[in-house]
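[1] Predicted structure and sequence below. I'll ask about it afterward.
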Amino acid sequence: MLLLLFMLVLALLPALRSVQGLTTGAVVDLHRDEAFVRAIMEGHYGVDPTYREGGLWYTPLNAWIETVAVWITGLPVAEVIVQMGPWFNLLAPVSFFIMAWYFLGPLRAAASTAAFLFFSVGQEPGWAVATYAARMIPSSASQWLFYLELILIHRAVRSGRAGPFAVAGAGAGITFLAHAAPAFIAVLLIAWATIRRFITSWRHGDKPAMLGAARAGLVAGAAFLVATLPLTWYLFGNGTQVLNRAGAQYTYYSLSLDGARIFLYHNLSLFNLFGLAGLWLIIRGHALRELEGRGILLAWPVLSVALAGYCYSVAVLESRFGIHLPTLVPSFHFYLYTKGALALFAGIAAWELFSWIRSRALPKSDAPPQQAMFSFIALIALACTVHYPSYATRRDLAVVRARNLAFKEDRPGVEAAAAINRLVPWEGVVLCSIDLSLWPVLPSARHVVATASTMSNPYLDARRRLDDNEQLLDAMRSPRTGTAQRLEQYGVTHLLVRADGLAGMPEAKRWFPVEVFRNEAYVLLARRPAHGERPQHLHLGIHG
Amino acid sequence: MGLHQALHTPGFRWRFCALAALLGVLGYTAVNAIQGPVPQDDVAGTYRLAPHRLLPVDSLPAGLQLHDDGTLILLSGTGDTLKRCQWHWEEAERLVRTSAPDWDRRIRIRSSLGGHRLAVRIASTPLILDDNERFEEAEYIRSAIAPENARHP
């Protein structure tokens, strides 16, 4: 525990420094989450803050937690999201440590957690790797549930009773509310365990055991469905046919064939060598003889690699050959969990290496075993300290902070986001270019005609919206037929343009005659004044 | 021997206290190693691109000169000037700020076991637009030649 505290403090300090003084994050994922938080705060849970016709489509647990944090602190949403990351994400190493201790005992758990915290990330983005990250990006912020879920699955498998399976199924459901990727792995682990037990019972002709396995599987499935209702209720209510596959096909650049060299740059590492050595030790039964635990720890990376391969294949087959297979989530999410398994295994290898060296160096030592324990802990702490300068100034903190600082200087954007939220009613729809739909509109939680397909509702047709958005923007440059119908179809109430782009849109004032906001970078125009406002020909600009 | 037994063996307390003290010293050392200021004078100098096998560094200049007078010169492999702009050191962030927008916040000092290293972000996409966060960095090695003595192209 002392070592865990030591490691957590070391990890927390540079993470806190990386968000010091920041009031908003630069990354689009945080802006999307901000939109969902604002939607909840304005009483619109269950709907898509970006598309007026859309329902809830993104896993909501993070937004709930952030909403509660906003409610408790009373701070602005964007600031809460950016500042709570280092604190909230401590749950990941803590739950990883608990899980590692549960399966492997305290010493290996300490080494595995050191690998998870300090050695897995290297110079990779924190959102792609199982590690402690400073940002509340859902892929990072949802890990903790998966590590605890592994314990629940193991307890269910070991007992074979329906009760623990119900708990594991509910745990997988709650994990699903945080992120789909770890939930897929958890569900497959439960299914694998149930099917294996069913087949074993069938081979032995043990009917009661077969029925028990079937019952346990059904109970777990039912508990999963019930736990996911806060999301699936809205998904099933709005149609679950995926019409926009772009989001799921996003590929982390180092996980593509084109990025193979960068993949090698990040992965030819001592961390992976230790991880693979640990995997080999588990396969050989050195580290963990208990069958169920070993099965789960081996199935975890196998499923992660298989799912990553499948998701990447889906993206490649569709983009290169036009073949459509069912999509899940971007492949890098499963790469993240592969790295998590390697971190666990690296701890095993570290302990075995230490034990081997110790047995060679002190073959007839009569020193008490606690001396070995203290020596091992001291060595882990030393390794963390030696590596610390590189870890604390890694790109995931320093370059991300540089980006956040550059973003913070975009004062007109921050001002515009606040103005859009204030001046456009919830049921309003903003027409704007795709880049403006991501910033400053997205965090304002106001609807648009179209946004980037990777960030938009998978259950609505993105391509048609993008075409219509383009045609409507063209209609602001020169007269186009059908403009009025399109504006009505999408319920467009406002137009957002860059201040220097308005001159190139002579038609804009015809369709959107009321200027409601202007600063040096953006102009927001409305089709008609809001209730109680002055006639439309009056200039209503806030900043002139 | 299980953990429970180990906790109750003689000598545990003093070993535990020794370990706590060791962790305290190591923690202090680790935090101290990254917190010291890096003044502008320490950053100014002549640098050459370190060899990289796997990173795509072809687009980067072969050399950098950070002059004391605030001039930044980017050099090609043949020593020709690729770009010249003004720079200043943002000590709190350990970042090089430049008058050229495409090089602003692209050069920084990062720490490692071997000391401070000059790192340059390879992707030229402006930070604020890089949603994929292609933030791989190439290291530059400080040359013994002071920039004022280096050939001023």
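    The structure has been received and is ready for your questions.
[2] Check which helices and strands the helix or strand hosting A:Ala406 is in contact with.
    Secondary structure from DSSP states H and E places A:Ala406 in helix A:395-408. Helix A:395-408 sits against helix A:2-18, strand B:107-112, with contacts defined as 3 or more Cβ pairs under 8 Å, 6 or more residues apart in numbering or on different chains; DSSP states H and E. C-beta coordinates here come from the backbone N, C-alpha and C atoms, glycine included.
[3] redo that, cut-off 7 Å
    helix A:2-18 (3 or more Cβ pairs under 7 Å, 6 or more residues apart in numbering or on different chains; DSSP states H and E).
[4] Next, the contact list for A:Gly504, please.
    A:Arg477 (Cβ atoms under 7 Å, 6 or more residues apart in numbering or on different chains).
[5] and it, how far is that from A:Arg463?
    As for A:Gly504, its distance to A:Arg463 is 26 Å (criterion: Cβ to Cβ, to the nearest Å).
[6] can the strand ranked longest in chain B be found next to chain A?
    As assigned by DSSP state E, the longest strand anywhere in chain B is strand B:81-90. No. Interface with chain A: strand B:81-90 contributes nothing (Cβ under 7 Å from any Cβ of the partner chain), its closest point being 9.0 Å away.
[7] what comes up buried for that strand?
    Neighbour counts over strand B:81-90 (16 or more other Cβ atoms under 10 Å in any protein chain shown) mark B:Cys85, B:Trp87, B:Trp89 as buried.
[8] now stretch A:74-83
    A:Val77, A:Ala78, A:Glu79, A:Val80, A:Ile81, A:Val82, A:Gln83.
[9] which other residues reach that stretch?
    A:19, A:22-25, A:30, A:33-34, A:37-38, A:66, A:69-70, A:73, A:136, A:443.
[10] now, the most widely separated pair of the residues you listed?
    A:Val19 and A:Arg38 (20.3 Å; Cβ to Cβ).
[11] For stretch A:171-180, list the C-alpha coordinates in PDB.
    These are the backbone C-alpha positions of stretch A:171-180, laid out as PDB (Å, rounded to 0.1, in the frame of the first residue of the first chain):
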ATOM      1  CA  GLY A 171     -21.100  -5.100 -13.700                       C
ATOM      2  CA  ALA A 172     -20.700  -5.600 -17.500                       C
ATOM      3  CA  GLY A 173     -23.800  -3.500 -18.000                       C
ATOM      4  CA  ILE A 174     -22.500  -0.600 -15.800                       C
ATOM      5  CA  THR A 175     -19.200  -0.900 -17.700                       C
ATOM      6  CA  PHE A 176     -21.100  -0.500 -20.900                       C
ATOM      7  CA  LEU A 177     -22.700   2.700 -19.700                       C
ATOM      8  CA  ALA A 178     -19.100   4.000 -19.300                       C
ATOM      9  CA  HIS A 179     -17.700   2.600 -22.500                       C
ATOM     10  CA  ALA A 180     -18.700  -0.100 -25.000                       C
END
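[12] neighbouring contacts of that stretch?
    Outside stretch A:171-180, the residues that reach it (Cβ under 7 Å, 6+ apart) are A:59-62, A:138-139, A:142, A:145-146, A:149, A:152, A:182-183, A:186-187, A:190, A:223-224, A:226-228, A:230-231, A:329.
[13] for A:Tyr265, what are its contacts?
    B:Leu54, B:Leu55.
[14] Secondary structure element holding it?
    Using DSSP H and E, the element containing A:Tyr265 is helix A:260-267.
[15] what is the mean pLDDT for that helix?
    The pLDDT scores in helix A:260-267 average 95.
[16] any idea how far the helix or strand hosting A:Ile377 is from the chain center?
    Taking DSSP H and E as the definition, A:Ile377 sits inside helix A:369-392. Mean C-alpha position of helix A:369-392 versus that of the full chain (Cα atoms, centre = their mean, to the nearest Å) differs by 30 Å.
[17] Say whether chain B is contacted by it.
    Yes. Against chain B, helix A:369-392 shows contacts by Cβ under 7 Å from any Cβ at A:369-370, A:373-374, A:377-378, A:381-382, A:385-386, A:388-390, A:392.
[18] ChimeraX command for the buried members of the residues you listed?
    ChimeraX command restricting the residues of helix A:369-392 next to chain B to the buried ones, with burial defined by 16+ other Cβ under 10 Å:
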select /A:370,373,374,377,378,381,385,388,389,390,392
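[19] Same list, the residues of helix A:369-392 next to chain B, but as a markdown table with pLDDT and distance to A:Ser159 please.
    Converted to a markdown table, the residues of helix A:369-392 next to chain B look like this (pLDDT from 0 to 100; distance: Cβ to Cβ, whole Å):
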| residue | pLDDT | distance to A:Ser159 |
| --- | --- | --- |
| A:Pro369 | 70 | 32 |
| A:Gln370 | 78 | 33 |
| A:Met373 | 88 | 31 |
| A:Phe374 | 89 | 36 |
| A:Ile377 | 94 | 33 |
| A:Ala378 | 94 | 38 |
| A:Ala381 | 96 | 37 |
| A:Leu382 | 96 | 41 |
| A:Thr385 | 95 | 42 |
| A:Val386 | 95 | 43 |
| A:Tyr388 | 96 | 42 |
| A:Pro389 | 95 | 47 |
| A:Ser390 | 95 | 44 |
| A:Ala392 | 96 | 43 |
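[20] of all the residues of helix A:369-392 next to chain B, which comes closest to A:Leu3?
    A:Ile377 (5.1 Å).
[21] got the contact list for that closest one?
    A:Leu3, A:Ala110, B:Leu19.
[22] okay, these in TSV with neighbour count, distance to A:Cys432 and pLDDT next?
    Listed next are those as TSV, based on neighbours: other Cβ atoms under 10 Å in any protein chain shown; distance: Cβ to Cβ, whole Å; pLDDT from 0 to 100:
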residue	neighbour count	distance to A:Cys432	pLDDT
A:Leu3	23	52	92
A:Ala110	28	51	96
B:Leu19	19	59	90
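[23] Can you tell me which of the residues you listed is nearest B:Arg97?
    A:Leu3 (39.5 Å).
[24] Thought A:Ile380 was touching the closest one, still the case?
    Yes. At 6.3 Å, A:Leu3 and A:Ile380 qualify as touching, with contact defined as Cβ atoms under 7 Å.
[25] Now the common contact residues for the two.
    A:Ala110.
[26] which stretches of the chain have low pLDDT?
    Reading this off chain A. A:365-368, A:529-544 (pLDDT under 70).
[27] try chain B instead
    Ranges of chain B meeting pLDDT under 70: B:1-7, B:145-153.
[28] can you rerun that using 90?
    Along chain B, segments meeting pLDDT under 90 span B:1-16, B:32-37, B:112-115, B:126-131, B:143-153.
[29] now the helices for it?
    B:3-7, B:12-35, B:40-43 (DSSP state H).
[30] Would you indicate which residues of the helix or strand hosting A:Ala170 are buried?
    Using DSSP H and E, A:Ala170 maps to helix A:162-178. The neighbour-count check on helix A:162-178 (16+ other Cβ under 10 Å) flags A:162, A:164-178 as buried.
[31] How about stretch B:26-40?
    B:Leu26, B:Gly27, B:Ala30, B:Val31, B:Ala33, B:Ile34, B:Gln40.
[32] Mind putting those into a markdown table with distance to A:Asp474?
    Below are the buried residues of stretch B:26-40 laid out as a markdown table (distance: Cβ to Cβ, whole Å):
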| residue | distance to A:Asp474 |
| --- | --- |
| B:Leu26 | 63 |
| B:Gly27 | 61 |
| B:Ala30 | 58 |
| B:Val31 | 57 |
| B:Ala33 | 57 |
| B:Ile34 | 52 |
| B:Gln40 | 50 |
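[33] Alright, I will stop here.
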